[in-house]
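Colleague: From the sequence below, what's the structure:
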Amino acid sequence: MIIRKSLAELLGTFALVFVGCGSIILAGKSGAFGLLGISLAFGGVVTIMVYLLGKISGAHINPAVSISLFLSNHLRSTELPFYILAQCSGAILASMGLSLIFPMNDDLGSTKLNLGILGGLGVEFAWTFLLMAVIYFVAMGPKKLKPFGGLAIGLVIFLASIFAGPYTGASLNPARSLGPAIVEGNFANLWFYMLAPVLGAILVVPIYRKFKKDE
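Modeller: Residues are numbered from 1 along each chain as shown. Here you go, the predicted model:
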């Protein structure tokens with residue numbers, strides 16, 4: 001069972017990085033995509049993966065999401081390492097694939113911090129917090145809202161890419177930043193992208209528990 005879930009997480013994260021970062025590369029080459037096109041690529045691929053893989057693994061495709069769901073008792077401690085390993089592996093494999101397709105590109109869509117550390121922390125923290133809140137209260141919320149979970153999650157990713165992309169790359173996802181960084185060999189501010197999204201996702205847990213307790 002865990003192998004099936006892990007493969008789903010690997011596939012989902014591979015698709016996220018391959019399509020999303022691929023759109024960044026194409027935008028740099030042709031200028032045809034632009035910020036709107038890149039944002040649609042990221043939001044669209046996440047939406048598709050949620051509906052495609054949600055019933056298999058939950059379609060976390062993000063270590064920050066998995067850690068938050070573990071802390072809220074929605075993911076077993078025995079599953080968490082497999083999820084994170086699969087997600088990071090999928091991101092790295094996708095970046096390797098992009099490097100083979102675009103061998104002349106030094107930039108494989110890595111996330112770049114164009115704000116100060118505190119400003120960037122606020123941006124990544126706030127958008128990951130919103131993403132996790134949508135997961136808890138829409139995708140995992142009342143029965144009538146669950147069918148819209150994938151669309152709501154994809155919309156958050158789209159909006160984050162529009163508004164935060166120019167400043168932090170709108171990562172919201174340690175694996176998404178890790179894959180290109182490893183293949184490029186560029187680890188500048190990587191620690192930031194490992195930390196900020198996880199903090200944002202974790203902070204939603206006590207709020208979610210409070211709402212569940214009051215129901």
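
Colleague: So Val204 sits against Tyr136, correct?
Modeller: Yes. The pair Val204 / Tyr136 is scored as a contact, 6.1 Å apart, by C-beta atoms under 8 Å. The way it works is simple: take the backbone N, C-alpha and C, and place the C-beta from them, glycine included.

Colleague: quick one: low-confidence parts of the chain?
Modeller: 31-32, 214-215 (pLDDT under 70).

Colleague: so who does the spatially most central residue of it touch?
Modeller: In the chain, the centroid-proximal residue (C-alpha atoms, centre = their mean) is Asn173; its distance is 3.8 Å. Residues near Asn173 by C-beta atoms under 8 Å, 6 or more residues apart in numbering: Leu16, Ile61, Asn62, Pro63, Ala64, Val65, Pro197.

Colleague: Name the nearest of those relative to Ile84.
Modeller: Distance to Ile84 across these (C-beta to C-beta) is lowest for Pro63, with 4.7 Å.

Colleague: Which neighbouring elements make contact with the helix or strand that contains Ser161?
Modeller: Per DSSP states H and E: Ser161 is located in helix 149-168. Taking 3 or more C-beta pairs under 8 Å, 6 or more residues apart in numbering; DSSP states H and E as contact, the helices and strands that helix 149-168 lies on are helix 34-57, helix 117-134.

Colleague: in that helix, what's buried?
Modeller: Buried residues in helix 149-168, counted by 16 or more other C-beta atoms under 10 Å: 149-150, 152-154, 156-162, 164-165, 167-168.

Colleague: farthest pair in the residues you listed?
Modeller: Gly149 and Tyr167 (27.0 Å).

Colleague: Buried ones from the contacts of Asn173, can you make that a PyMOL selection?
Modeller: Of these, the buried ones go into a single PyMOL selection, burial set by 16+ other C-beta under 10 Å:
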select buried, resi 16+61+62+63+64+65+197
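
Colleague: Also compute the angle for the longest helix belonging to the chain relative to helix 34-57, please.
Modeller: Scanning the chain for the longest helix, with DSSP state H as the assignment, gives helix 2-30. For helix 2-30 against helix 34-57, the angle by axes from the mean of the first three to the mean of the last three C-alpha atoms, to 10 degrees is 170 degrees.

Colleague: In helix 2-30, which residues are buried?
Modeller: For helix 2-30, a neighbour-count test (16+ other C-beta under 10 Å) marks 5-6, 8-27 as buried.

Colleague: Nice, that's everything, thank you.
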